[in-house]
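Novice: Fold the following.
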Amino acid sequence: MEISKTTRGRKIAFIADVHSNLEALTTALKEIEKLKPDKLICLGDVVGYGANPNECCELVRKHCDVSILGNHDVAVFDSNIADYFSPYAQESAKWTRRVLKEENIQWLMSLPLIHKEGDLFFSHGAPYSPEDFIYLVSSESAVWSLKFLEASGFKAGFCGHAHITYIFATQKQKDKNLYVGAPESINLDDFETLCINVGSVGQPRDRDPRLAFSILEDNIYTVFRVQYDIETASKKIREAGLPEILSARLFVGR
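Specialist: Have a look, this model is predicted:
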């Protein structure tokens, strides 16, 4: 399957997993603005973990053309989902609910689970079951996602949630072997179907503390990693009384 004319020739920027990290988000938006994309899409989890949920909601609302729902966004208005969180994530979710403005809660409640655009599919977790927020990190979740995308007529699926910049793809050879990798740039037309983790702006977990965002221009997908003011973001987390691990992990990207 070749990428369609509906997406070829356009420049789309992706962010995901901002997690209330204002310093990372403002840096990412400045860098994205320099690249002048036609559209900016946020793949969920604007809030959680960090100390600036209101400011991050307001910036995403202002700058993103499309935003979809993440599991930490859901935890703001449905506390049941937090039962599956780690203890420090549960504490963060409770804190976020207390400090979020009502207008930002209502905005998060209005976000869709998925977005479709031409032959591209967007979700927070693995595409084959977006409502379950499954991490796209295993061969099993990748195979199910790729089968879903191919059967549904999509060339590529883009998701967040895993906080890593990783690509799973079906090779074009007759046996359609699974490609797994983390290249800085890749040509979508070199593969049959792709499922792409776009990485995290505010909580990277691939042992690289730099924020991540990505660009799809024509049929070339490129990952960008940028340094930001981790010291300030970390200090704010501590001063808010949030769990120490949420502050410390920013420095190591895990």
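
Novice: packing partners for the host helix or strand of residue 90?
Specialist: Take DSSP states H and E as the rule and residue 90 turns out to sit in helix 87-99. Helix 87-99 sits against helix 53-63, helix 71-77, helix 244-248, with contacts defined as 3 or more Cβ pairs under 8 Å, 6 or more residues apart in numbering; DSSP states H and E. For glycine as for every other residue, the C-beta is placed from the backbone atoms N, C-alpha and C.

Novice: nearest to residue 202, of those?
Specialist: helix 53-63 (7.8 Å; Cβ to Cβ).

Novice: just the strands in this structure please.
Specialist: 11-15, 39-42, 66-67, 114-117, 120-123, 156-159, 165-171, 178-181, 185-187, 191-198, 211-217, 220-226 (DSSP state E).

Novice: mind putting these in a markdown table, mean pLDDT included?
Specialist: A markdown table is the format used below for the strands of the chain (pLDDT from 0 to 100):
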| stretch | mean pLDDT |
| --- | --- |
| strand 11-15 | 97 |
| strand 39-42 | 98 |
| strand 66-67 | 98 |
| strand 114-117 | 97 |
| strand 120-123 | 98 |
| strand 156-159 | 98 |
| strand 165-171 | 94 |
| strand 178-181 | 92 |
| strand 185-187 | 96 |
| strand 191-198 | 96 |
| strand 211-217 | 98 |
| strand 220-226 | 98 |
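
Novice: And those strands: which comes nearest residue 129?
Specialist: Proximity to residue 129 (Cβ to Cβ) singles out strand 120-123 among these, at 9.0 Å.

Novice: Other residues contacting that closest one?
Specialist: 7, 12, 41, 43-44, 66, 68, 113-116, 127, 130, 149, 152, 154-159, 216 (Cβ atoms under 8 Å, 6 or more residues apart in numbering).
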